[in-house]
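Colleague: The following block contains a protein sequence and its predicted model.
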Amino acid sequence: MLIDTHAHLDDKKFDEDREDVISRAGAAGVALIINAACDINSSEKAITLAQNYAQIYAAVGIHPHDAKDAGKDYLQKLIELSRNEKVVAIGEIGLDYYYDFSPRPVQQKIFREQLSLAKELNLPVIIHNRDAHKDVLEILHEEGLGPAGGVMHCFSGSWEVARECLNLGMYISFAGPVTFQNAKKLKEVAAKVPVDKILAETDCPYLTPHPHRGKRNEPANVRFVVQQIAELKGLNPDDMENIILKNAKKLFSL
């Protein structure tokens, strides 16, 4: 049994064949999918998907790209949305200094507020971190994580960053880039992360793994990520699947 711990099935790129994509995931052995949100609208869509498909669960939250448009009452809206039984996390939240679609002080403010909300709601956090390692870690140290913990999604940092995240009690999730032939440093990080702290994801429709790189990504492709992690760990892919499923069920209380 596979789990895709981070998908965006509500994305418009799936509008024409969403049901087929979900069916292909099931046929590929993907038994569970966590659909992560970017804003209030996508949070609502994630919940609708989760209500329509037993195997899909939702995360609700404001992505750093959308922080500037969060709105004054966004926290109350997230509280209301989180009451749905299929909501298992606050996410994705964090900082993105690569695109800077929202001003950095605004990103930081929204990130801090959502970390606080997750602690209040006793939900894990799904953290986005792109080119913002120092500030993400600084904020995590200052704000702290609640008992529900969290995951660094689509990890792209160094082993030093990964180790600090692990010291905070976080899980590390790997996506398609770990399968890329030129991703030597990322493969080294994946080889070092303890197996009981590893998760796998697609981040679809983005970051399609090898050998389908360049095409639209979908949850069925999470198997290529798991196979790569298994190879790096010297484990049987079936065993790696079971380990990741167990880790995800623990983090998201599935």
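Modeller: Yep, that arrived. What you see is a predicted model; the values in this text were computed from it and never measured. Residues are numbered from 1 along each chain as shown.

Colleague: and the host helix or strand of residue 106, what does it pack onto?
Modeller: Residue 106 is located in helix 104-121, with elements delineated by DSSP states H and E. Counting contacts by 3 or more Cβ pairs under 8 Å, 6 or more residues apart in numbering; DSSP states H and E, helix 104-121 is packed against helix 74-82, strand 87-96, strand 125-130, helix 133-143. (Glycine included, C-beta is placed from N, CA and C.)

Colleague: how many degrees apart are the second one and helix 133-143 in direction?
Modeller: When axes from the mean of the first three to the mean of the last three Cα atoms, to 10 degrees is applied, the directions of strand 87-96 and helix 133-143 differ by 130 degrees.

Colleague: what mean pLDDT does strand 87-96 have?
Modeller: Strand 87-96 carries an average pLDDT of 98.

Colleague: Likewise for stretch 39-56?
Modeller: Stretch 39-56 carries an average pLDDT of 98.

Colleague: got a list of contacts for it?
Modeller: When contacts are defined by Cβ atoms under 8 Å, 6 or more residues apart in numbering, stretch 39-56 is touched by residues 8-10, 22, 25-26, 30-37, 57-63, 66, 69-71, 74, 77-78, 81, 84, 86-87.

Colleague: For ChimeraX, what selects the buried ones among these?
Modeller: Only the buried entries of those go into this ChimeraX selection, using 16 or more other Cβ atoms under 10 Å:
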select :8,9,10,22,25,30,32,33,34,35,36,37,57,58,59,60,61,62,63,66,70,74,77,78,81,84,86,87
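
Colleague: Can you show me the strands along the stretch 101-250 of the chain?
Modeller: 125-130, 150-152, 171-174, 198-200 (DSSP state E, counting those that start in this stretch).

Colleague: Any chance of the ones you listed in TSV with distance to residue 51 as columns?
Modeller: Formatted as TSV, the strands of the stretch 101-250 of the chain follow (distance: least, Cβ to Cβ, whole Å):
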stretch	distance to residue 51
strand 125-130	20
strand 150-152	23
strand 171-174	24
strand 198-200	24
